[in-house]
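[1] build the 3D model from these lines:
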Amino acid sequence: MQCVQGFCPPQLSKLRNQKGYREVGDVEVLSHFPSNGETQLLMVPGDNGQNERSEPTESTEKKILNLAIPTLGALLIDPLLTLADTAFVGKFSNSPNELAGMGSAAALLTFSFYLFNFLCTATTPLVSAKRAAGKETEALAVGGQALSLALVLGASLMVILLSAKQPLLNIMGTGVSGPEANGFAIDFLTMRAVAAPAVFCISASTGILRGYLDTKTSVVILALANIINLALDIILIAYARMGPAGAAIATTTAEWISALLFLGVLSGNLPSADGELGRKGEDQEKTLVVMPTSSVPPWEELKPLIVASSSLFLRTFVLQFSISAAAALAARGGETLPGGAASSIGAHQIGLQLWLLCSFIADALAAASQALVADALGRDDDKEVRKVSKTVLGFSVLLGLILATLLQVGYSTNFLLSLFTSDPSTQAALAEILTLIVIAQPLNSVVFAADGILQGAAEFEFQAKSMALSAAIAAVCFGLLQSFSTSDTLVNVWTALITLQLMRGITSAVKIADKEGPIRMFTPSEI
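    Here you go, the predicted model:
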């Protein structure tokens, strides 16, 4: 190929992979944006496929699965850590108080940690869109800002949890569960709070890697964390009989090791499993470096991350408040159960971990759609945006049915009832809510997929508003059930949680189908 308007083949090849490239017959049209802000169209004659081209594009289905499958492994690590802790403590405890205390503390930590999940959710589309638009320096800058914010927020949360642990646990209902359960909760919370900076660093690092369409590195690092946690659970809980305190030590250790490995990859000192980040052999010039920054960037640079983070913070606060309120209400339930409040909170903890595990599986599709939608929007490819959205939602329905089937089989064979606890009263309480958890899976899967689509389109403010509306309706539902239903409080709590998910699904569907919105899923494609 000849040089065209000052651009030779390597530069033209780079432009083809950026926004503004299309083919008209056998002529390539590339929109170039010089420093003066004007658009120049480069008309490059085709040569029957002999030009230097980017590799043939993958199908949308393959792109989604290539991102979703590794993401699934990474997302499963966190609930598997807690699930392993729950199983070990439940199996090797002498009373339901250990599981009840750990359940209340774990619910508080879930609220606290996931409240800041925007460090991943906001970072991914911002990094991905800038990278797709060819703004490499800005993409790396956003990553550095996210890491800095993660470490500052993590250290702040650690101080708050350690200094106010008893009042916070009282809110979670440990006073109702009894002094023994409260003691176990204090031990668990004290040791897990130390992991807050590490957890936030992992979240931001995962968002940066996803922005570069790398989901494999997170799997490798977090799989190692799971192995470390399992080994320590065996030593500290099964053999040393340290109960919830041993579980907290195991998970905290695994998370800090993970955070250090993530920073090693992003700083270019360790290789990545995929993508453009991480050490690339001995040639340091090819290595992209993302590091926390100690300087405060100009407001115009920081504004996109702060605005997105604020909206997501409000949205996540409402969601996690709902989940934590459910745990607190479950601790005050058990009025119709043989084990009372202790069995109610123990069953709720197990049910919540199963629900979160399935949610994380479904969230793998959301993560893939988030990155791909942001990438397509960065290239102004509306057709690809709609195709990704439709494909992800179709996959989510199938996944939800599979999860529901697996849970039902586990329930019908009593496998799930006996796996997590040997206490008959806790098993009886768990049986009360498992049917609801099974029924909710197809809905949950679609809701999480829709979340990913809207997050990829940076519709963070809309999601915050729709979450507030959904939570309000769920609260009304719970109040009505408590007033007019004869069911146990635990059952009413889970019915309200499903109502929350239903409303999230309805509001997301409205936005995705909106003809004036960024997705416009049912708008005919332009030719």
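
[2] going forward, measure contacts between C-alpha atoms and count neighbours the same way
    Fine.

[3] distance of residue 400 relative to residue 107?
    Look at residue 400 and residue 107: by CA to CA, to the nearest Å, they are 24 Å apart.

[4] count of residues packed around residue 89?
    27 (other CA atoms under 10 Å).

[5] now do it against residue 421, distance only.
    Distance from residue 89 to residue 421, by CA to CA: 9 Å.

[6] report pLDDT for residue 400.
    In this model, residue 400 is scored at 90, pLDDT.

[7] do the one 4 residues further on as well
    If you check residue 404, the pLDDT there is 91.

[8] which one is it nearest to, not counting chain neighbours?
    residue 438 (4.9 Å; CA to CA, 6 or more residues apart in numbering).

[9] wait, isn't residue 355 in contact with residue 437?
    Yes - if you go by CA atoms under 8 Å, residue 355 and residue 437 touch, sitting 6.7 Å apart.

[10] can you give me the helices for the stretch 101-250 of the chain?
    Ranges of helices within the stretch 101-250 of the chain are 118-121, 123-132, 136-163, 165-171, 174-177, 179-193, 196-211, 216-233, 243-266, based on DSSP state H, counting those that start in this stretch.

[11] hey, least reliable of the ones you listed by pLDDT?
    helix 174-177 (a mean of 64).

[12] follow-up on the earlier one: isn't the residue nearest to residue 404 right up against residue 407?
    Yes - between residue 438 and residue 407 there is a contact under CA under 8 Å: 6.0 Å.

[13] can you check what angle separates the helix ranked longest in the chain from helix 123-132?
    Identified as the longest helix of the chain according to DSSP state H is helix 340-378. Relative orientation of helix 340-378 and helix 123-132, computed by axes from the mean of the first three to the mean of the last three CA atoms, to 10 degrees: 10 degrees.

[14] please renumber the chain so that the first residue is 33 from this point on.
    Let's use 33 as the start, then, which means that last one is helix 372-410.

[15] report the mean per-residue pLDDT for helix 372-410.
    The average pLDDT for helix 372-410 rounds to 77.

[16] now the element after that helix, going C-ward?
    Moving toward the C-terminus from helix 372-410, the next helix or strand (DSSP states H and E) is helix 414-444.

[17] pull the distance from the helix or strand just after that next one to the chain's centre.
    Next helix or strand after helix 414-444 toward the C-terminus (DSSP H and E): helix 447-452. With CA atoms, centre = their mean, to the nearest Å as the basis, helix 447-452 stands 26 Å off its chain's centre.

[18] what about residue 554, neighbour count?
    Neighbour tally, residue 554, other CA under 10 Å: 12.

[19] cool, residue 178 as well?
    Burial measure for residue 178: 31 neighbouring residues, criterion other CA under 10 Å.

[20] next up, the contacts around it.
    When contacts are counted by CA atoms under 8 Å, 6 or more residues apart in numbering, residue 178 is found next to 151, 155, 236, 324, 337.

[21] roughly how far does it sit from residue 156?
    For residue 178, the distance to residue 156 - CA to CA - is 10 Å.
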